[in-house]
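Asks: generate coordinates for the sequence data below:
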Amino acid sequence: MEILIGTTAENKQIVLKNYIHGSPLETDLELKHGNQIKLEAPKGSNCVLMKNYYLSCDPYMRGRMQDFQRSYVPPFSPGSAIEGFGVSKVVDSDDPNFKRGDFVAGITNWEEYTLIHKTHQLRKIQKDDEIPISYHVGLLGMPGFTAYAGFYEVCEPKKGDYVYVSAASGAVGQLVGQLARLHGCYVVGSAGTSQKVELLKNRLGFNEAFNYKDEIDLEAALARYFPQGIDIYFDNVGGAMLDAALGNMRAHGRVAICGMVSQKSRTDTQTFRNMFAVISKRITIKGFLQSDFIDLYPRFLEDVTSYYKQGKIVYLEDIIDGLENAPAAFVRLFSGKNVGKQVIRLASE
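Replies: Take a look at the predicted model:
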């Protein structure tokens, strides 16, 4: 349906009801009706008005649902629309770098239309019939770049390295494993269901995979899959899995700390038994943000696009339709129900 510039429309939003403690619930988010928006980018504003097509569900957003001031991003405000990465189409523009009809990727609100003031944070998308546009919040977006920068820059891989990836079927982990295989590494991943384990081995090309929920002793499980030890651990979960990995690292191993999804709802103190291995095995542990390596983004985009088109990598998406289903889609991340990158579709190209 054609959008008439200057008219007014209802702009449904997903808002945060209250700050949370522990794991998020669907009721922590609310679909808000009645908000009106004028469909134009005001003259002299240098703004861009966008219609949102795809919204990205990412684990880091749970941290923004808490009044937690030590994070690298500020918390959401109760009663206001939450924000995250998205793919959108320009409806109207007062910025000469964008024109009506352009598709862009960047930070947007969880709503039908968003007026963007910080247009420098938007990236124009070159549409490609071979690549779904939704991949720009996954494979070619923040999660994909996190995997690429984390593996190549933080892990410093060498051919023949033994690589372990936790949450390996998720938005980041699935690409880390495939990049490691392309680099000539031996790769094992863990996930939380037998379905995901089969996908890791049969679709994503991991050498081996296991269901961590089936293991009584995680350290013994890793010793079974890595009898010679682990050179690289790409950590998406933290906690007991990180401790188990430390107990199985080889000398001069590298641990890239990408996420701590197991820790954000904890209220007790986490005890690590294997920290001495950091000294005895001279292990490097490094946390990182993908934004630390933003200068690499053009190279990442070129490399990963090429790998995908050549059939060297695949990418799994889990798409939920409708803004009204956004709270349920988000909560799926923390119950393990999603398979691959969790995306909310508001409109089709």
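
Asks: domain parsing of the protein, as residue ranges.
Replies: The record, using automatic domain parsing to delimit domains, assigns the chain the ranges 8-138+316-345, 142-291.

Asks: among the ones you listed, which is the most enclosed?
Replies: For those, average neighbour numbers computed from mean count of other CB atoms under 10 Å are highest in domain 142-291, which has a mean of 20. Using the backbone N, CA and C atoms, a C-beta is placed for each residue, glycine as well.

Asks: name the SS class of the spatially most central residue of the chain, please.
Replies: Most central residue of the chain, judged by C-alpha distance to the mean C-alpha position with CA atoms, centre = their mean, is Pro143 at 3.9 Å. Secondary structure assignment for Pro143 (DSSP: H, G, I helix; E, B strand; the rest coil): helix.

Asks: got it, and Thr114?
Replies: In three-state terms, and counting by three-state DSSP, Thr114 is strand.

Asks: pLDDT of the top strand by length along the chain, averaged?
Replies: Taking DSSP state E as the assignment, the strand of the chain that covers the most residues is strand 83-93. Per-residue confidence for strand 83-93 averages out to 96 on the pLDDT scale.

Asks: check the offset of the helix or strand just after that strand from the chain's centre.
Replies: Downstream of strand 83-93, the first helix or strand assigned by DSSP states H and E is strand 103-109. In terms of CA atoms, centre = their mean, to the nearest Å, the gap separating the centre of strand 103-109 from the centre of its chain is 15 Å.

Asks: where does this protein dip in pLDDT?
Replies: Counting by pLDDT under 70, the chain has low-confidence residues at 1, 68-70, 261-270.

Asks: so in it, which helix runs the longest?
Replies: In terms of residue count, the longest helix belonging to the chain (DSSP state H) is helix 297-309.

Asks: in it, what counts as buried?
Replies: Of all the residues in helix 297-309, those buried under the rule 16 or more other CB atoms under 10 Å are 297, 300-301, 304-305, 307-308.

Asks: helices of the stretch 101-250 of the chain, start to end?
Replies: Assigned by DSSP state H, counting those that start in this stretch, the helices in the stretch 101-250 of the chain fall at 142-149, 173-182, 194-202, 218-225, 239-246.
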